[in-house]
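Asker: Below are the sequence and a predicted model; questions follow.
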Amino acid sequence: MIENLLNYWPVVAFVVIGFYEFVRSAFRVLGAIKRHCFTNGYDLKTRYATSDSWAVVTGGSDGIGLEICNQLGQMGFNICIVGRTKSKIDEKLKILSQKYPGIKTRCVIFDFAQLCSM
């Protein structure tokens, strides 16, 4: 019996190595799922913020950009929105300032589409 296994040692070695790699990959996948699904992510304020930290958000007057502004404002970051329409940005910055009174706000009016036409 032992002599028969010794004849097949390369096959046994590949099976053991394959099983080891399978288990290692499974733990990597489970770790990634845990990191991405069951944690709150990074605490940006403690990681990046100083006493006067600014977050620059392009397209922050609507949709996803506005939600990012809300989340950053909630964390205490000062907000600078870059966009095309001054009236729209000013309205959103006013709302953000009322919602999060400890933050400063600024706006930059710029149309990135103009860069392509230069």
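Answerer: Noted; the coordinates are in hand.
Asker: what's the helix or strand for G60?
Answerer: Of the helices and strands defined by DSSP states H and E, none includes G60.
Asker: mind checking the SS state of the residue nearest to it when sequence neighbours are not counted?
Answerer: Using Cβ to Cβ, 6 or more residues apart in numbering and skipping the chain neighbours, the partner closest in space to G60 is I81 (3.7 Å). Using the backbone N, CA and C atoms, a C-beta is placed for each residue, glycine as well. At I81 the chain is in strand, as set by DSSP: H, G, I helix; E, B strand; the rest coil.
Asker: Can you get me a residue count around I81?
Answerer: 26 (other Cβ atoms under 10 Å).
Asker: got it, and I103?
Answerer: Neighbours of I103 using other Cβ under 10 Å come to 20.
Asker: Does it touch M75 like I think?
Answerer: No: here I103 lies out of contact with M75, judged by Cβ atoms under 8 Å, at a distance of 9.4 Å.
Asker: Any regions of the protein where pLDDT drops low?
Answerer: 1-2, 5-6, 40-42, 117-118 (pLDDT under 70).
Asker: How much space separates the residue nearest to G60 from I89?
Answerer: According to Cβ to Cβ, to the nearest Å, I81 and I89 sit 5 Å apart.
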